[in-house]
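Colleague: got a structure for you, letters missing:
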């Protein structure tokens, strides 16, 4: 792969998400050679993908070029590649651009959409785990509205203006809220010929409450906010099938919709080569001990969404979110340095900093350990936490500017169909 | 096409570029029904495309949603469609979404890249006339650098790091300058393993000076600036062929390059249906009289790049640039209103407001009628003229912020490969 040999041990990190990035930062400027591999040349700030999908932010503001982050770090190498296989017995990985030996390997591949084996659903729904996928959703929403103008068939127009979001977790809730705001302030102005009441936003949750991981108060309030914004919240409803036209469920309810966004689950983004016994089948995650070391191996670690670390509080592993990923990334760096200098390693303890979700303008829910609050103040807290978590001054400044503008003008200006989705798909 | 009938005459405008937009603005809030048709749902500020291609700006900052511009205008309709044919005898156009009758038709389709019939070149080079094309160039530049890291074959690496820009007009010059700045400040930091001296930027001009339309002083100074920035300027050199590997010319010089950007000419974006005698063959433009009326027709007009209006000063039509387009757009609106109210129409007289080009940081050339200047002040003038010509407050603010940031930090942060170009092409 054209990485120079060095006298320092080589740590290879697969994935530049929250976990991989935190690990790479922790390993800077040490007596180590660090190689970071990602299939994109940028880090994606996933919590704001829904704003790209709904025209509120440019993709360039929530993505950050990985090379730039590390371009003044010595002994650091970035490679744009896909990792195809791990060969633990050889301490080597196979990638799309050749093989690479490692001394220590950190797997931080994150997660991908989980369709629970339903290939039909997988084929027809939209996902929102990457920048290109979010841009596809943006294009599709606008293309459907353009198409709705052209038909006088009421059923067809309803289907074009009907949005179904499957999954009532933070992603589904935030996206539903953002769509509702588009329905309120933007689309009626852009499409005065359409009867905006035909636009329906359906949020479908299989269990009895949305935002299941948060407090009961947050779930309740988020649901209130959504209903107030005009979202149809369906609880205890399970999507069984989608053929590109109709969503069928485990009840008599079915939905004719041209746009179905699947936010119902994630699973680990596995790489071939590890023994089967270290894979947790249900969510395709890798079993690790309290030091994020993969079962059966001595120099292979998994961190972030892909890692499944059982603890008393989280028997099925930590939540697949940014916070555990960042914390594990930081610790793994410390522990690898400790290992090399023969010091004792520290077991991972998850510090739950709380969780939050925004539903729309002035509407958010925040759960901290000792304080749970909802509404305007929560919304400001949400904004500032996200703003300051973005990487890079330019991204922070551009996002801030856009948010101030969108707030004052009740607007989201990035409603551009740059790469048509439907048209290309049909062609 | 589902446009309601009204008692007002219907003016159809094809194209939402500078010309079409100016015409549409001039026809607002009159006793008219206006239908604007474009194949994109946004207006593109073409003069800044090269900054999108070189990672200095986000695409969303130089594109503006057309619906938004007119969403408070009554009797105005936008349709996202491709116009396939004009049927002048029926006063009707055929589009990808159905037929539409018109009372007055304004053709403002602009221009497209002119390959002068060379299909081989057309197949292998990059164009830079639209947002997606500019994003493809951005991806390709970065993909080539990533690939250059992987090969130890010197010839191959040279080809990957060799950039050939064909055409020394404003587009070619500005792009060459921007690439040179990337070579200077950004790429060596991002790719410390590569020898940046292998990156060559070749600007090829068929005539004896670059920026031919500008003053001799501007051409000279622009060339000095480019050479100072390390660009190889080739004059009196004509590209004959490019097979995806090697650029051959009318001299012994040839260039092995993986990236060739064609900025050597434009031609009108014609639509079928007009009589052949009203088409100027050379540049595929439509012959119009001094009122922008198309030869042989009474209610069909052409404005902007697509229109060829012979005048004493410009026997082959006005330059295919923003200024004539905007001025013709404004005037055609006035003249159509005059026609309807039986007043006299005003013939078009082009007011040359001057021209300018930027080569890089603190380096630009400006030609005004009575004052020609180059250097830092010219650069500031260039910046402010472009900033204030952008549509929309948000775009102005975001571009300004990016420029200040890029200026202070010597940076261009949008170097993201969001949609890989080479990879998709190969697949």
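Modeller: Here it is on my side, so go on. Bear in mind the structure is a predicted one, so any value in this text is a computation, not a measurement.

Colleague: For residue A:226, what are phi and psi?
Modeller: Residue A:226 adopts backbone torsions of phi -60, psi -50, taken as degrees, to the nearest 10.

Colleague: what's around it, how many residues?
Modeller: Neighbour count of residue A:226, defined by other C-beta atoms under 10 Å in any protein chain shown: 24. In this view, the C-beta of every residue, glycine as well, is placed from N, C-alpha and C.

Colleague: Settle this for me: it is touching residue A:203, isn't it.
Modeller: Yes - with contacts counted by C-beta atoms under 8 Å, residue A:226 reaches residue A:203, the gap being 6.6 Å.

Colleague: Common neighbours of these two, please.
Modeller: Common contacts of residue A:226 and residue A:203 (C-beta atoms under 8 Å, 6 or more residues apart in numbering or on different chains): A:173, A:176, A:210, A:233.

Colleague: quick one: which of those is nearest residue A:381?
Modeller: Comparing the shared contacts of residue A:226 and residue A:203 against residue A:381 with C-beta to C-beta places residue A:173 closest, at 16.6 Å.

Colleague: gap between that closest one and residue A:219?
Modeller: 9 Å (C-beta to C-beta, to the nearest Å).

Colleague: next one: residue A:359
Modeller: Taking C-beta to C-beta, one finds residue A:359 at 12 Å from residue A:219.

Colleague: Between those two, tell me which one has more neighbours.
Modeller: Using other C-beta under 10 Å, the more surrounded residue of residue A:359 and residue A:219 is residue A:359, with 29 against 23.

Colleague: For the more buried one, which three-state class applies?
Modeller: Of the three states, residue A:359 takes strand according to DSSP: H, G, I helix; E, B strand; the rest coil.

Colleague: now residue A:136
Modeller: Applying three-state DSSP: residue A:136 is helix.

Colleague: can you pull the contacts of it?
Modeller: Taking C-beta under 8 Å, 6+ apart as the test, what residue A:136 contacts is A:126, A:419, A:421.

Colleague: what comes up buried for the helix or strand containing residue A:407?
Modeller: Here residue A:407 sits within helix A:393-409, counting by DSSP states H and E. Neighbour counts over helix A:393-409 (16 or more other C-beta atoms under 10 Å in any protein chain shown) mark A:394, A:395, A:396, A:397, A:398, A:399, A:400, A:401, A:402, A:403, A:405, A:406 as buried.

Colleague: And stretch A:141-154, by the same measure?
Modeller: Within stretch A:141-154, the residues scored as buried using 16+ other C-beta under 10 Å are A:141, A:142, A:143, A:144, A:145, A:146, A:147, A:148, A:149, A:150.

Colleague: TSV for the residues you listed, including pLDDT?
Modeller: Below are those laid out as TSV (pLDDT from 0 to 100):
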residue	pLDDT
A:141	96
A:142	96
A:143	96
A:144	96
A:145	96
A:146	95
A:147	95
A:148	95
A:149	93
A:150	92
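
Colleague: which bits of the stretch 151-300 of chain A sit near chain B?
Modeller: Taking C-beta under 8 Å from any C-beta of the partner chain as the contact definition, the stretch 151-300 of chain A meets chain B at A:151, A:152, A:189, A:190, A:191, A:192, A:193.

Colleague: Can you list which of the residues you listed are found in helices?
Modeller: Using DSSP state H to define helices, the subset of these located there is A:189, A:190.

Colleague: want to try JSON lines for the residues of the stretch 151-300 of chain A next to chain B, with distance to residue B:30 and pLDDT as columns?
Modeller: Below are these laid out as JSON lines (distance: C-beta to C-beta, whole Å; pLDDT from 0 to 100):
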{"residue": "A:151", "distance to residue B:30": "30", "pLDDT": "92"}
{"residue": "A:152", "distance to residue B:30": "28", "pLDDT": "89"}
{"residue": "A:189", "distance to residue B:30": "21", "pLDDT": "94"}
{"residue": "A:190", "distance to residue B:30": "22", "pLDDT": "94"}
{"residue": "A:191", "distance to residue B:30": "22", "pLDDT": "95"}
{"residue": "A:192", "distance to residue B:30": "18", "pLDDT": "92"}
{"residue": "A:193", "distance to residue B:30": "20", "pLDDT": "90"}
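
Colleague: In the residues of the stretch 151-300 of chain A next to chain B, find the pair that's most separated.
Modeller: Most distant of these, by C-beta to C-beta, are A:152 and A:189, 22.3 Å apart.

Colleague: where's residue A:165, which helix or strand?
Modeller: Using DSSP H and E, residue A:165 maps to strand A:162-166.

Colleague: Pull up the pairing partners for that strand, direction included.
Modeller: Here strand A:162-166 has these sheet partners by DSSP bridges: strand A:200-204 (parallel), strand A:259-262 (parallel).
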